[in-house]
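Asker: Predicted model and sequence follow; I will ask about them next.
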Amino acid sequence: MELYVISGVTGMTGNELVRQLLKKGHRIIGFDNFFASSVDTIKDVIDNPYFDFYEYDINNPEHMEKIRKEVIDKKAGCERLIYINCAAVVHTEHFYHIDRTFETNVLGMKAFLDQATEVGADVYINCSTSEVYSMQSWAEDGVKESDFITMSNAEHSQRTSYATGKLLTEFFMKDAVDNKKIKGCSIRFANVYSKNELYPKHIIPHILFSLKENGCVELLENSRKNRRTFLHNEDSCSAVIALCETESALDGTVYNVATDEEITIIDLVSLCAEKLGTKAEIIFNGYRESDPERRVLNTEKIRTRTNWKPSVTLEEGIMQCVAEMNR
């Protein structure tokens, strides 16, 4: 049995991680402050004796000291101690406000990493973002982890501050591994979605909620040509676990995690409407200068180094979301 310590445990990746890890027979200490989620996402597992949940904030030193003591108390007898940082301010509503993302995404991540090394954790997984690719986020075979990163300039978009913060956490991760403090890696996720996501302003729930409630959906003018790939949270979690279970992959480097199933935003609306059994009426309003036209990640690295590959198609994932809405 292994002991996992997960921040942001009720978020899109965190809550599904709990289910998959419990099925494998592991013990979990998880916490969240419900900034962009709810305890409802873990209601089916919260009473599991191998899962200890706390309503704590990664930015609160007193809360993190309690987590540290809990870890020290419970790690005895466990084969490995693994920290996974899923805590992040990720919603586009906050991308343009440096103060809303810096504390959690940068300082919180670093403090959590420091705690992991202090208590002797074996592994630390840093959940980063494909936003680090900024406006240059696709290539013929998908953008690779080894490609040079060209970010938007500061005058172009404050959104770049979010990407820069996440990129800094990848440097913290690499430095800790290079200095043999811990093993681990960073993950650049594509657009992750989930059937129990609360934020209707994220594109998939926004489309579904708008079509169901209003019979139409309002999109930015960018959506006339934008294309994206969407990663189901079951697949984002299986990627985390695959990396945890592959010793040679925990080398401090970065791994893209995404699907190859690219879709235009217009076709995404049509797909959502089809599954809802309604019309795909769209109203275009506004334009966002900092929106990349495409974001396609090359996932050869993780597929080569582990046995991971995505398993949930976009159509299957949308059907799950619709079923959850209709419950």
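Answerer: Looks like it came in fine.
Asker: Where do the helices of the stretch 151-300 of the chain begin and end?
Answerer: 159-178, 203-214, 233-244, 265-276, 300-305 (DSSP state H, counting those that start in this stretch).
Asker: Which parts of the chain are strands?
Answerer: Taking DSSP state E as the criterion, the chain carries its strands at 3-7, 27-31, 51-54, 81-85, 123-129, 183-189, 191-193, 217-219, 227-232, 251-257, 262-264, 282-284.
Asker: Any idea which of the ones you listed gets closest to Ser146?
Answerer: strand 251-257 (9.0 Å; Cβ to Cβ). For the C-beta atoms, the positions are set from N, CA and C on the backbone; glycine is no exception.
Asker: which residues are in contact with that closest one?
Answerer: 128, 130, 142-145, 170, 173-178, 183-190, 231, 235-236, 239, 243, 249, 297-299, 301-302, 305, 308 (Cβ atoms under 8 Å, 6 or more residues apart in numbering).
Asker: which among those residues end up buried?
Answerer: 128, 130, 142-143, 145, 170, 173-174, 176-177, 183-190, 231, 235-236, 239, 243, 249, 297-299, 301-302, 305, 308 (16 or more other Cβ atoms under 10 Å).
Asker: quick one, what contacts the nearest residue to Asn196 once chain neighbours are set aside?
Answerer: Nearest residue to Asn196 in three dimensions, chain neighbours excluded: Thr41, at 5.0 Å (Cβ to Cβ, 6 or more residues apart in numbering). Counting by Cβ under 8 Å, 6+ apart, Thr41 makes contact with Thr10, Gly11, Asn15, Asn196.
Asker: my guess is Glu247 meets Lys183, correct?
Answerer: Yes - judged on Cβ atoms under 8 Å, Glu247 makes contact with Lys183 at a distance of 7.4 Å.
Asker: Please report the distance of Glu247 from Glu145.
Answerer: 19 Å (Cβ to Cβ, to the nearest Å).
Asker: for Glu65, same thing?
Answerer: Taking Cβ to Cβ as the measure, Glu65 falls 35 Å from Glu145.
Asker: Met12 now?
Answerer: Distance from Met12 to Glu145, by Cβ to Cβ: 22 Å.
Asker: now Thr104
Answerer: Distance from Thr104 to Glu145, by Cβ to Cβ: 24 Å.
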